[in-house]
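A.B. asks: For reference, the sequence and a predicted model appear below.
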Amino acid sequence: MKVRINDCLLGGKPAYDVQIIDEGATVQDYLDALNGFIREHCPPCNGCTACCWERVPLTYPDVAAFLRDGRFGRQFQGMPAALSSFLEQYGYVYVEGPVVDISLGFKSDGSCIFLDTRRGRCSIYRLRPLVCQTYTCRRATRRARELRSVVVNAGMDELVRRWLLESRRCGRPPVIHEGRRPNPRLRDYPPGTFSGRERFAEVRLKNLCPPGLWRELYGLPGTGSGHIDRQLKGG
């Protein structure tokens, strides 16, 4: 085990905290630990689709996983701009000036494009993006929230960078579903920790975290199941 998710309380209500045990822990280790915690400590959510009506930001490894999958891989196989083609059909790209936001697409009723509304289930559950995997009805400690934010933001920036690079390589305008004076600039999205990586297992948490956050997460004692201290509680 390289990442441990600790059961705790915030304001007397169930919550969770994150503790990194191994310096080499990756984003995939974090996802595996959190998914295991959800299975063990959170009630089954079959039939509840509350989170499927929220915006779902995409990271680059999320889209790469779709394109490796048999169903989606065949659909976009051989296309010179597979990433952009996937986003055009299944994503939603919003650009305001230089700011880019790429998320999963949604249906006319506002639900996720992959929600099976008849069954009340995700139709691509094993491929669900990082944001979906890390969503839980429990509260989270400040450092747990910060870790999630750091991972999501870095992965989103890498997706925007790849989207712009692919568009430039193919000599075509980038796919944009909605824009307000769109002016996306590659220089605003320099290479980062996710650059050159296709899978979450290739990205180390230590390389993502600011030093202060890393010191809080790595090797510190867990909070235990009965309490949470003020420093962890945060806002």
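C.D. replies: Received, thanks. Residues are numbered from 1 along each chain as shown.
A.B. asks: okay, CA-based contacts and neighbour counts for the rest of this
C.D. replies: Noted.
A.B. asks: which residues of the chain fall in strands?
C.D. replies: In chain order, the chain shows strands spanning 3-10, 13-20, 91-96, 99-104, 115-116, 121-122, 139-140, 178-180, with DSSP state E as the criterion.
A.B. asks: Ok, which of those comes nearest residue 75?
C.D. replies: The closest approach between residue 75 and any of the strands of the chain, judged by CA to CA, belongs to strand 91-96 at 14.9 Å.
A.B. asks: What is that closest one packed up against?
C.D. replies: In terms of contacts (3 or more CA pairs under 8 Å, 6 or more residues apart in numbering; DSSP states H and E), strand 91-96 is packed against strand 99-104, strand 178-180.
A.B. asks: among those strands, which is nearest residue 66?
C.D. replies: Distances from residue 66 to each of these were compared using CA to CA; the shortest belongs to strand 99-104, at 11.9 Å.
A.B. asks: can you list contacts of the closest one?
C.D. replies: Taking contacts as CA atoms under 8 Å, 6 or more residues apart in numbering, the residues outside strand 99-104 that touch it are 55-58, 87, 90-95, 112-113, 156, 159-160, 182-184.
A.B. asks: The longest helix anywhere in the chain: which residues count as buried?
C.D. replies: When secondary structure is assigned using DSSP state H, the longest helix within the chain turns out to be helix 142-170. Within helix 142-170, the residues that count as buried by 16 or more other CA atoms under 10 Å are 142-144, 147-148, 151-152, 154-164, 166-167.
A.B. asks: Just give the nearest non-adjacent residue to residue 207, would you?
C.D. replies: Nearest in space to residue 207, with sequence neighbours left out and distances taken as CA to CA, 6 or more residues apart in numbering, is residue 193 at 6.5 Å.
A.B. asks: Can you list phi and psi of residue 136 for me?
C.D. replies: Residue 136 has phi and psi values of phi -150, psi 150 when expressed as degrees, to the nearest 10.
A.B. asks: How much space separates the residue lying closest to it once chain neighbours are set aside from residue 26?
C.D. replies: Distance criterion CA to CA, 6+ apart; nearest residue to residue 136, sequence neighbours excluded, is residue 38 at 7.3 Å. Residue 38 sits 19 Å away from residue 26, going by CA to CA, to the nearest Å.
A.B. asks: If you count surrounding residues, which of the two has more?
C.D. replies: Looking at residue 38 and residue 26 with other CA atoms under 10 Å, you find the greater number of neighbours at residue 26, namely 23 against 20.
A.B. asks: okay, the strands of the chain in TSV with mean neighbour count next?
C.D. replies: Conversion of the strands of the chain to TSV gives the following (neighbours: other CA atoms under 10 Å):
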stretch	mean neighbour count
strand 3-10	21
strand 13-20	22
strand 91-96	20
strand 99-104	19
strand 115-116	17
strand 121-122	18
strand 139-140	20
strand 178-180	12
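A.B. asks: Now the ones you listed in CSV, please, with extra columns for mean pLDDT and distance to residue 68.
C.D. replies: What follows is the strands of the chain, written out as CSV (pLDDT from 0 to 100; distance: least, CA to CA, whole Å):
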stretch, mean pLDDT, distance to residue 68
strand 3-10, 96, 26
strand 13-20, 96, 29
strand 91-96, 99, 17
strand 99-104, 99, 17
strand 115-116, 96, 21
strand 121-122, 94, 19
strand 139-140, 96, 32
strand 178-180, 98, 27
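A.B. asks: among the ones you listed, which is nearest residue 209?
C.D. replies: Each of the strands of the chain was checked against residue 209 via CA to CA, and the shortest separation belongs to strand 13-20, namely 11.5 Å.
A.B. asks: Distance from the chain centre to that closest one, please.
C.D. replies: Here strand 13-20 is found 18 Å from its chain centre; the criterion is CA atoms, centre = their mean, to the nearest Å.
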